[in-house]
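Peer 1: Sequence first, then the predicted structure:
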Amino acid sequence: MMKRAYKYRFYPTPGQATELARTFGCVRLVYNKALEERTRVYTLHGRRVSYVETSAALTAWKKTPELSFLGEVSSVPLQQALRHLQAAFVNFFARRAKYPVFKARKKSRASAEYTRSAFRWRDGRLTLAKMDAPLDIVWSRPLPEGAQPSTVTVSKDAAGRWFVSLLVEEAITPLPPAERSVGVDAGITALVTLSTGEKIANPTFERADRRKLARAQRVLARKQKESNNRIKARLRVAKVYTRIADRRRDFLHKVTTRLVRENQVIAVEDLTVRNMVKNRSLAGAIADASWRDLRMMLEYKAAWYGRTLVAVDRWFPSSKLCSACGTMRDKMPLNVREWTCPACGETHDRDVNAARNVLAAGLAES
Ligand SMILES: [Zn+2]
């Protein structure tokens, strides 16, 4: 059994939208206030604060006149915010993450998490605590037969769209073993290049989308600060951006599902530092985000379907090695797209050669 999240759009009634906006605000306030308190105790007294203590503090805040409104929204999302903060501190103390930061109203994603005691799930209808009508959800794909959501997360994105994500337990059957294995190189010109020689290009719609995004950003830059037109322009940028992100995610799902179906072992480079550092352009940022998403999708799909994903050390010189004879070149500047090995005479496409080396290193490691 695996836990899997199903995300859908929904359309709140004006009353539900108000209730949710209020809940989001309270979630952010509780998170920030608990973070402030933990930081204070940690800095002044060198002591770690436990989840139980923050939970007791929340109860006390609700009893004060200035914070009594915290008692008007469902208490579960507030408790969940404290649990998330606890997890962030556990990761920080284990040196897995940076010190937690405050949730800013404009920058952080507005969301609230409801556990089972705070929602009703009956006949495929979902009703949240403090609401009398179920959410109007667009069931763009069916939930698995008989699924019982254990956690429900409601969120609103920068483009003003509402989403609900339902976490359900599901039995996933591994695929029959595959004969083939593949090496994947994160592309500069293509999205990815495979060791088979195939190049998977960036989706063609993206060029037009990016032009639209650049135009919307130019319009936004010309608007006066704090003006209504600026708010409208910012929403327009967010809409174009989310459209790019959505279409790209669909595309990445198709690519990763195919790779996992066809191959038993999938070898990838462990994070492309060269891209992450150098690409600060918009196109570069989108490419970096794509590679991260692609990695993540490959990881969980490989786990679901009984495949092996191997991450090859990022310092492995995949571009400099000849995949035919193993000779290593001193240098391989980024602008060299094709080269001939001086030792064996083989002519290589730069990316295909790198993907082949990644596959060989991956098979050696697995
Ligand atoms: Zn060679």
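Peer 2: Nice, thanks for sending it over. It should be emphasised that the depicted structure is a prediction, and the values quoted were computed from it without experimental measurement.

Peer 1: remind me which residues of the stretch 201-350 of the chain are low pLDDT?
Peer 2: Where the stretch 201-350 of the chain drops to pLDDT under 70, the residues are 271-286.

Peer 1: again, 80 this time
Peer 2: Across the stretch 201-350 of the chain, the ranges flagged by pLDDT under 80 are 202-207, 270-289, 314.

Peer 1: Please apply the same query to the stretch 1-150 of the chain.
Peer 2: The stretch 1-150 of the chain contains residues with pLDDT under 80 at 1, 106-108.

Peer 1: Does the residue in it that the ion sits nearest to fall in a helix, a strand, or a coil region?
Peer 2: Closest approach of the stretch 1-150 of the chain to the ion (Cβ to the ion) occurs at residue 96, with a separation of 41.0 Å. No exception for glycine: its C-beta is placed from N, CA and C like everyone else's. The three-state label given to residue 96 by DSSP: H, G, I helix; E, B strand; the rest coil is coil.

Peer 1: Quick check: it vs residue 53, distance?
Peer 2: Applying Cβ to Cβ, to the nearest Å, the value for residue 96 to residue 53 is 22 Å.

Peer 1: For the residue of the stretch 1-150 of the chain closest to the ion, give me phi and psi.
Peer 2: Torsion angles at residue 96 (phi, psi; degrees, to the nearest 10) stand at phi -100, psi -10.

Peer 1: burial measure for it, as a count.
Peer 2: Residue 96 has 8 neighbouring residues, counting by other Cβ atoms under 10 Å.

Peer 1: residues near residue 59, how many?
Peer 2: 11.

Peer 1: mind checking how far it is from residue 46?
Peer 2: Residue 59 is 25 Å from residue 46, where distance means Cβ to Cβ.

Peer 1: Over to residue 184?
Peer 2: 47 Å.

Peer 1: So the two - more neighbours on which side?
Peer 2: Neighbour count, other Cβ under 10 Å: between residue 184 and residue 46, residue 184 has more, with 29 against 7.

Peer 1: my guess is that one meets residue 259, correct?
Peer 2: Yes: the criterion here is Cβ atoms under 8 Å, and residue 184 meets it with residue 259 at 7.1 Å.

Peer 1: which residues are common contacts for those two?
Peer 2: Taking Cβ atoms under 8 Å, 6 or more residues apart in numbering as the criterion, residue 184 and residue 259 both touch 266, 298.

Peer 1: Flag every residue of the protein that's near the ion.
Peer 2: Proximity of the chain to the ion, by Cβ under 5 Å from the ion, involves residues 322, 324-325, 327, 341, 343-344, 346.
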